[in-house]
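Colleague: Test case, fold it:
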Amino acid sequence: MAAVATVFGAEEQMNSAAHAGGIKGIPIPPRPLVVQQMQEEMAWPEPDMRRIAQIVGQDVGLTVAVLKTVNSPMYGLSRKAESVEQAVNLIGLKQLENLVTALAMRNLLKGDSNFLGRFYDTSARRAQAMAHMAKATGVVDVGLAQTFGLFCDVGIPLLMQRFPSYTQTLRIANEDSERSFTAVEHEAHNTDHALIGALMVRTWGLSKHVALAIRMHHDYHVFLDPQAPLEVVRLISLNIVAEEAIQRYAQMHSNVEWLKGGDYVPSTLSMEPAEVEEWIEQLTDTFALGME
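Modeller: Alright, predicted model coming up:
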């Protein structure tokens, strides 16, 4: 399945893959029941906070993980949550939904614990950075930014499970300054993590715009496509900024994705280049202090 050049092509590719039941040999993890039940409750005009707390509370392990995360420095709460209901009051329903979705996703991914630990840390930083920027600038919905950040690279551990040589592909893709990340993956495995991640987002009943943005987040010609929804290109731009900040925080001296797509960011986010640089520096500093 070849890489795509337009939004129309990306949508056609996702529809084709979904109709075929996913990518052969790479099972898309099904949506967990707790996520489905939360989404159903959240769909009501006035979701029942107690009902949502009950849904999460059915799973003791998930409840413990939620409280541990909510009470961590990442959320910077002035007082600790001692129950899921208190957590809802402190961080809000949408934040809780995203947190439960992220924790449920973790329970489904298998592989090397060291790699997965780094993967989760990076995903959490990306999600929080994008949500922080979205809240401060208003360029896109905060929940969508956070969801994108969480699911953006979920296809990577799934491909790592399927292909023993994927670690080498990952290294090459991260260093290739000419070809797109997904083109490197296609050459080696005839699929890519962006497509897998987009299909998972769709399977889990999440935002169509998030799915499309994930599908195209390494295909920077999306910025030149007049059919590309503004929300999609803004999500991709926020991701480029967040990734550059993550790379600088990790003291990486070169980020080829920034070199490939960074020039599109200022106009897409209605910022001057200096403002974008200020955001990168601010996020890098925030990572060092602990994301709030």
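Colleague: use CA for all of it now, contacts and neighbours both
Modeller: OK.
Colleague: Averaged pLDDT, stretch 39-58. What do you get?
Modeller: Stretch 39-58 carries an average pLDDT of 93.
Colleague: same deal with stretch 233-253?
Modeller: Mean pLDDT, computed over stretch 233-253, is 93.
Colleague: What are the contacting residues of that stretch?
Modeller: Applying CA atoms under 8 Å, 6 or more residues apart in numbering, the contact partners of stretch 233-253 are 122, 125-126, 129-130, 133, 139-140, 145, 148-149, 210, 213-214, 216-217, 222-223, 254-255, 257-258, 261-262, 264-265, 268-269, 276, 279-281, 283-285, 287-288.
Colleague: for stretch 149-167, same thing?
Modeller: Stretch 149-167 is contacted from outside by 25-26, 102, 109-111, 116, 123-124, 126-128, 130, 189, 192-197, 201, 214, 239, using CA under 8 Å, 6+ apart.
Colleague: just stretch 130-137 next, same as before
Modeller: Residues from elsewhere that reach stretch 130-137 (CA under 8 Å, 6+ apart): V140, D141, V142, G143, A145, Q146, G149, L238, N239, A242.
Colleague: in it, what's buried?
Modeller: Of the residues in stretch 130-137, those buried under the neighbour-count criterion (16 or more other CA atoms under 10 Å) are M130, A131, H132, M133, A134.
Colleague: what residue ranges in the chain score low on pLDDT?
Modeller: 1-5, 18-22, 24, 253, 290-292 (pLDDT under 70).
Colleague: mind listing what's buried in stretch 48-66?
Modeller: Buried residues in stretch 48-66, counted by 16+ other CA under 10 Å: M49, I52, A53, I55, V56, G57, L62, T63, V64, A65, V66.
Colleague: Now for the first one: which residues touch it?
Modeller: By CA under 8 Å, 6+ apart, the contact list for M49 reads E85, V88, L93.
Colleague: got it, and T63?
Modeller: Counted by CA under 8 Å, 6+ apart, T63 has contacts V56, G57, V84.
Colleague: Make JSON lines out of the residues you listed and add distance to L230 and secondary structure.
Modeller: Output for those, formatted as JSON lines (distance: CA to CA, whole Å; DSSP: H, G, I helix; E, B strand; the rest coil):
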{"residue": "V56", "distance to L230": "34", "secondary structure": "helix"}
{"residue": "G57", "distance to L230": "38", "secondary structure": "helix"}
{"residue": "V84", "distance to L230": "35", "secondary structure": "helix"}
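Colleague: which residues of the stretch 101-250 of the chain fall in helices?
Modeller: 113-137, 142-151, 155-162, 166-175, 181-189, 193-203, 208-215, 230-249 (DSSP state H, counting those that start in this stretch).
Colleague: Quick one, which of these gets closest to A17.
Modeller: Evaluated with CA to CA, the helices of the stretch 101-250 of the chain place helix 193-203 nearest to A17, the distance being 7.9 Å.
Colleague: what angle separates that closest one from helix 181-189?
Modeller: Put simply, helix 193-203 runs at 100 degrees to helix 181-189, going by axes from the mean of the first three to the mean of the last three CA atoms, to 10 degrees.
Colleague: tell me which residues in helix 193-203 are buried?
Modeller: Applying 16+ other CA under 10 Å to helix 193-203 flags H193, A194, L195, I196, G197, A198, L199, M200, V201, R202, T203 as buried.
Colleague: Check stretch 166-173 too.
Modeller: Buried residues in stretch 166-173, counted by 16+ other CA under 10 Å: Y166, T169, L170, A173.
Colleague: mind checking how far R118 is from I246?
Modeller: Per CA to CA, to the nearest Å, R118 is found 12 Å from I246.
Colleague: Those two: which is more packed in?
Modeller: I246 (21 against 11; other CA atoms under 10 Å).
Colleague: And for V265, the neighbour number?
Modeller: Neighbour count for V265, taken as other CA under 10 Å: 23.
Colleague: one step back: tabulate the buried residues of helix 193-203 (JSON lines), appending distance to Q36.
Modeller: JSON lines is the format used below for the buried residues of helix 193-203 (distance: CA to CA, whole Å):
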{"residue": "H193", "distance to Q36": "24"}
{"residue": "A194", "distance to Q36": "23"}
{"residue": "L195", "distance to Q36": "22"}
{"residue": "I196", "distance to Q36": "20"}
{"residue": "G197", "distance to Q36": "18"}
{"residue": "A198", "distance to Q36": "18"}
{"residue": "L199", "distance to Q36": "16"}
{"residue": "M200", "distance to Q36": "14"}
{"residue": "V201", "distance to Q36": "13"}
{"residue": "R202", "distance to Q36": "13"}
{"residue": "T203", "distance to Q36": "11"}
